[in-house]
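>>> need a structure here:
(one chain, ligands or ions: 1)
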Amino acid sequence: MYYNQETIIYNNGAFDKATNTTTDLYGQTLHYGYGVFEGIRAYNTPNGVKVFKAIEHYERLKNSCELINIPFHFDIQELIEATYKVLEQNNITDGYIRPLVYCDPNMALSTPTKVNIMICAWQWGAYLGDKLLHISISSYCRPHPKSTKIEAKACGNYINSILATTEAKNKGFDEALLLDSDGFLAEGPGANLFFEKNGKLYTPKLGNILPGITRATVLEICKNLNIEVIQDNFLPEDLLKAASAFYCGTAAEIIGFSAIDAYTFPLEWEFSLGKKIKDEYLQLVKQ
Ligand code: PMP
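Numbering: from 1, shown residues only. Next up is the predicted model:
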């Protein structure tokens, strides 16, 4: 699904077949989850293939590394050029791009000896599908920002996401919603949350969540559309009084909720602010 015999990836400055590329089983990233990644999308636009918010994603990759003390010695412009080349060499016009910063063997719990980067890409539809989601509030909370760098897109942080998604799916739901360790609404396992009430949008403020690039884009769209957005700490009860709600993320794009546990959102998605924003978003990425 992700690669075949022909797939080309970028690895430490060189382009090679995915099937020729190996990694070290003693690597620090594999053993301790001590690595950083990004999730980016490219879209086919009237002006050719465009990587959406490429600079923002690679800046976040750099920032994530710096937050967790992984030296980042790569040039962002070169990485963006490599990204376009990977897309071109694999004939991908609409696709998902996954850069991964990974570390050489180091069994000590200290900063890495050598840091590597790979970039791969594949065709991927909207990650959470295109049907409205039935969400469940997770028994897992997001990691406390004093126990890890929650604003870093660090590999190890995703154990929490996998646990939450697996729990939700095992209970028959489409996806989880996690609270933070103080019981406030936080985010999805791989997406940020917005909800609508009385014609305004609400979203958890930064601090205990990943600063999503799609979240920032939604805020920009709202500014242009004169939609008021309130960023603060909210409780699950606030969401259970909302008219509608949605997740946003690079992989998921924008996807509405039908219900959260036993609560069905009363406003039809077609008439929600989320739908309006989704339409704008899908236009923006293809510009
Ligand atoms: N929260 C988490 C935990 C995520 O993994 C993601 C996906 N990167 C997001 C939010 C959304 O971020 P973005 O819009 O930058 O993809």
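
>>> buried ones in stretch 135-153, by neighbour count?
Across stretch 135-153, burial judged by 16 or more other C-beta atoms under 10 Å covers 135-138, 140-143, 148-153. C-beta here means a position set from N, CA and C on the backbone, and glycine is covered the same way.

>>> check stretch 182-193 too.
The neighbour-count check on stretch 182-193 (16+ other C-beta under 10 Å) flags 184-193 as buried.

>>> give me the neighbour count for W124.
The tally of other residues near W124 (other C-beta atoms under 10 Å) stands at 17.

>>> which pLDDT value goes with it?
The predicted local confidence for W124 comes out at a pLDDT of 90.

>>> and the helices in the stretch 101-250 of the chain?
Listed in chain order, the helices of the stretch 101-250 of the chain (DSSP state H, counting those that start in this stretch) span residues 158-170, 213-224, 236-239.

>>> out of these, which comes closest to the ligand?
For the ligand, the closest of those is helix 213-224, at 3.1 Å, according to C-beta to the nearest ligand atom.

>>> any idea how far the residue of the chain most remote from its centre is from I68?
No residue in the chain has its C-alpha farther from the mean C-alpha position than A108, which lies at 29.3 Å (C-alpha atoms, centre = their mean). Taken as C-beta to C-beta, to the nearest Å, the spacing of A108 relative to I68 amounts to 15 Å.

>>> same check on A126?
Applying C-beta to C-beta, one obtains 29 Å for the distance of A126 from I68.

>>> more crowded one of those two?
Legend: neighbour count by other C-beta under 10 Å for A126 and I68, higher for I68 (19 against 14).

>>> contacts only, for that one.
By C-beta atoms under 8 Å, 6 or more residues apart in numbering, the residues touching I68 are 34, 36, 149, 152, 154.

>>> quickly note the distance from the last one to the ligand.
Which is A154. Look at A154 and the ligand: by C-beta to the nearest ligand atom, to the nearest Å, they are 10 Å apart.

>>> per-residue pLDDT, that residue?
For A154, the model assigns a pLDDT of 98.

>>> same question for the first one.
Predicted confidence (pLDDT) at Y34: the value is 98.

>>> the contacts of I68 in strands, which ones?
When strands are assigned by DSSP state E, the members of the contacts of I68 inside them are V36.

>>> contacting residues for whatever residue of the stretch 51-200 of the chain ends up closest to the ligand?
When distances are taken as C-beta to the nearest ligand atom, the stretch 51-200 of the chain approaches the ligand most closely through G190, which lies 3.9 Å from it. Shown here is G190, whose contacts under the criterion C-beta under 8 Å, 6+ apart are 39, 127, 161, 165, 249, 251-252.

>>> just the buried members of these?
Neighbour counting with 16+ other C-beta under 10 Å marks 39, 127, 161, 165, 249, 251-252 as buried within the contacts of G190.

>>> test my guess that P211 contacts E151.
Yes. In this structure, P211 sits in contact with E151. The criterion is C-beta atoms under 8 Å, and the distance is 5.8 Å.

>>> could you pull out the strands for the stretch 51-200 of the chain?
Along the stretch 51-200 of the chain, counting by DSSP state E, counting those that start in this stretch, strands occupy 95-103, 115-122, 133-141, 175-179, 185-187, 192-197, 200-204.

>>> tabulate those strands (CSV), appending distance to the ligand.
As requested, the strands of the stretch 51-200 of the chain are arranged in CSV below (distance: least, C-beta to the nearest ligand atom, whole Å):
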stretch, distance to the ligand
strand 95-103, 10
strand 115-122, 15
strand 133-141, 12
strand 175-179, 8
strand 185-187, 5
strand 192-197, 5
strand 200-204, 10
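
>>> figure out which of those strands is closest to V218.
Nearest to V218 among the strands of the stretch 51-200 of the chain is strand 192-197; the distance by C-beta to C-beta comes to 6.5 Å.

>>> now that closest one: average pLDDT?
The pLDDT scores in strand 192-197 average 98.

>>> now it, how far from the chain's geometric center?
Relative to the centre of its chain, strand 192-197 is centred 17 Å away, using C-alpha atoms, centre = their mean, to the nearest Å.

>>> again, but for stretch 22-38
For stretch 22-38, the gap between its own C-alpha mean and the chain's C-alpha mean amounts to 19 Å (C-alpha atoms, centre = their mean).
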